[in-house]
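Novice: I'll drop the sequence and a predicted model, then ask my questions.
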Amino acid sequence: MVLSIRRHALSRLLKLALAAVMLQLTLAPAAHALPPEKYLALKHKYRCDAQVSYSTIQSSPQSYAGAVIEWTGIVEGTVVRDGRVSFLLTMADHESVCLICPPTDADLVADADRQRLRVLVHVGAASAGNAAPLEVLAVANDALVSLKEKEMAAQSTAQGRAATNRAGRRPEPGLSARGGYVRQVQAPWGLSPLAARSLTPEAQAIYPAYKQFIYQCNRRLSPEELDAITVSVLYFSQRYKVDPRLVVAMIIAESDFNPRSTSRKGAMGLGQLMPEEVRALHLTNPYDPIQNVKGAVDLLRGKLDLFRRQPLPEGQYTWDQIMLALAAYNAGAGAVRRYGGVPPYRETQAYVRRIIRLYRQLCGMQ
C-alpha cells in the first residue's frame, strides 16, 4: 500500500500527536538551528551561487565583492574565543576555510564537529593585495536542508500533477478528485487482554489509535498479529524511550508492517533485522512480531545514542540525531561516520527522507 493512500488515515490519528507527550518522549530541536525553510528563503533572496570555490574568490576578489556564496562542507574543528565561534570548513574539493559564525548559530556550530553544514557567505570588498573578507550570514544542517529541498521539489511536482488533473485528466484509481482515499474502514478497537496486561495506562490510552493505523497499513494481518504488533510498538517504545511514531514510520519503510517480509539481502521481519543482528540480540525467531519489534527498537535506540551530540534528557533527540540514526540503521554506522552524515547512497537517502516525512506527518507537522 503506497504512502499516498495511507495519508487519509493520518487525519483520524491527530491524537497520535499527543502520544509522545503522554509517554514522556519529546523531540528536542537543535540548539538555535536555523530552520531549513528559512535558510532556503535566504538562499533564494540572495540568489546564492553554490559553484564558486574559495580559491576562485581569492584569485579575483574584486569580481565577487558583494556576492553571496553557498558552501557545503564538514566542520573539522571549532574554536571559541571572546564569545565568538570560529570553525574550519572543509569542502568536497578539499579546500578548507576558517569562518566565524553569527552569534545566533554559535550553539549549532560549536556542537557540529565532523558534521556537514551549509553556509551562506557574503564576500566583502578587498583592499589592494589582501584577501576578500568573508562574513557568514547563515548556517544550517546540510542533511535537513537537502531533505527540505527534495520535499519542496516533490510538492511542486505534485501540485503540477494536480493542476493537470484539474485541467481534465481523470484521477488515479482509488483516489478521490481531492486526492483523498475514497473509502476507509471503520473499526472500533477495544483494549485487548495483552494490552491490558502489558501496557501502562498512558500507553493503553493511545493503543486504539495505533492499532487502527497499523490496521490501515496492512489489513492482511490476523487479529492476533495486529494486537501483538501494536502492543509491542507501544511497550518497547516506552521501555527504550523512543517515540512510538518514529518506530511506526521506520517499520513502514522497512516492511510495510509485514511480519513475514524477507529482503533479497536476508533481512527479516517487521524491522528487517539481518542475521548477525538477530544473533547479537539473542532472538530465537526473527519473524515473531514481539521479538522483532523489540530487536528493532533496541537497535534504533542504540543508533540514537551513538549520534548523541548534546546532553539532552533521556528520551529527547534532535532532528540531526534522528536522521543519522536512521541512516546508520539502513547503511551502518561506519558509512555515516565515513561520510560525515547521511551517506550519498540513493537507497539510504530515500529511506531517511521517507521516514522523516511520515514521522513529521504523524507528529502533526507539515
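Specialist: Now that the structure is in, tell me what you want to look at.

Novice: mind listing the strands for the protein?
Specialist: For the chain, the strands defined by DSSP state E occupy 26-27, 68-81, 84-91, 96-100, 116-123, 134-141, 316-317.

Novice: count of residues packed around the residue nearest to E314 when sequence neighbours are not counted?
Specialist: Closest residue in space to E314, ignoring its immediate chain neighbours: K241 at 5.3 Å, by C-beta to C-beta, 6 or more residues apart in numbering. (Each C-beta comes from the backbone N, C-alpha and C, glycine too.) Neighbour count of K241, defined by other C-beta atoms under 10 Å: 17.

Novice: K241 and L283, how far apart?
Specialist: Going from K241 to L283 by C-beta to C-beta, to the nearest Å gives 21 Å.

Novice: got the buried residues for stretch 71-84?
Specialist: Across stretch 71-84, burial judged by 16 or more other C-beta atoms under 10 Å covers 71, 73-75, 78.

Novice: wait, the residue nearest to E314 touches R301, no?
Specialist: Yes. Counting by C-beta atoms under 8 Å, K241 does reach R301; the two are 7.0 Å apart.

Novice: neighbours of G315, how many?
Specialist: Using other C-beta under 10 Å, G315 has 20 other residues around it.

Novice: close enough to count as contact, it and K241?
Specialist: Yes. Here G315 reaches K241: they are 3.9 Å apart, a contact under C-beta under 8 Å.

Novice: chain neighbours aside, what residue packs nearest to G66?
Specialist: Spatial nearest neighbour of G66, chain neighbours left out: V123 (6.8 Å); criterion: C-beta to C-beta, 6+ apart.

Novice: returning to that earlier point: would you reformat the strands of the chain as CSV and include distance to Y210 and mean pLDDT?
Specialist: Formatted as CSV, the strands of the chain follow (distance: least, C-beta to C-beta, whole Å; pLDDT from 0 to 100):
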stretch, distance to Y210, mean pLDDT
strand 26-27, 18, 46
strand 68-81, 39, 89
strand 84-91, 42, 90
strand 96-100, 46, 93
strand 116-123, 35, 91
strand 134-141, 30, 90
strand 316-317, 20, 88
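
Novice: please identify the most buried of those.
Specialist: Of these, the one with the most neighbours on average (mean count of other C-beta atoms under 10 Å) is strand 116-123, at a mean of 22.

Novice: packing partners for that one?
Specialist: Strand 116-123 sits against helix 36-46, strand 68-81, strand 134-141, helix 142-166, with contacts defined as 3 or more C-beta pairs under 8 Å, 6 or more residues apart in numbering; DSSP states H and E.

Novice: that one: partners in the sheet, and parallel or antiparallel?
Specialist: Next to strand 116-123 in the sheet, as set by DSSP bridges, lie strand 68-81 (antiparallel), strand 134-141 (antiparallel).

Novice: what angle separates the shortest one from strand 84-91?
Specialist: Yep, that's strand 134-141 we're talking about. Per axes from the mean of the first three to the mean of the last three C-alpha atoms, to 10 degrees, the angle that strand 134-141 makes with strand 84-91 is 80 degrees.

Novice: so how far is strand 134-141 from its chain's centroid?
Specialist: Put simply, strand 134-141 sits 22 Å off its chain's centre (C-alpha atoms, centre = their mean, to the nearest Å).

Novice: then the first one?
Specialist: Taking C-alpha atoms, centre = their mean, the mean C-alpha location of strand 68-81 is offset from the chain mean by 23 Å.

Novice: can you get me a residue count around G124?
Specialist: G124 has 15 nearby residues by other C-beta under 10 Å.

Novice: show me what contacts it?
Specialist: By C-beta atoms under 8 Å, 6 or more residues apart in numbering, the residues touching G124 are 65-66, 132-135.

Novice: I355 too?
Specialist: I355 touches 246, 249-250, 252-253, 326, counting by C-beta under 8 Å, 6+ apart.

Novice: any idea of the mean pLDDT in stretch 267-274?
Specialist: Mean pLDDT, stretch 267-274: 97.

Novice: can you tell me how far S146 sits from R161?
Specialist: The value you get for S146 to R161, if C-beta to C-beta is used, is 23 Å.

Novice: who has more neighbours out of those two?
Specialist: Using other C-beta under 10 Å, the more surrounded residue of S146 and R161 is S146, with 20 against 13.

Novice: what sits against the more buried one?
Specialist: S146 sits next to 342, 349 when contact means C-beta under 8 Å, 6+ apart.

Novice: CA atoms of stretch 212-221 as CSV?
Specialist: In CSV, the C-alpha atoms belonging to stretch 212-221 read as follows (Å, rounded to 0.1, in the frame of the first residue of the first chain):
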residue,chain,number,x,y,z
GLN,A,212,-6.3,1.5,13.8
PHE,A,213,-3.3,3.0,12.0
ILE,A,214,-1.4,-0.3,11.8
TYR,A,215,-4.5,-2.0,10.5
GLN,A,216,-4.8,0.7,7.8
CYS,A,217,-1.2,-0.1,6.8
ASN,A,218,-1.7,-3.9,6.5
ARG,A,219,-5.2,-5.2,6.5
ARG,A,220,-3.9,-8.8,5.9
LEU,A,221,-2.7,-9.1,9.5
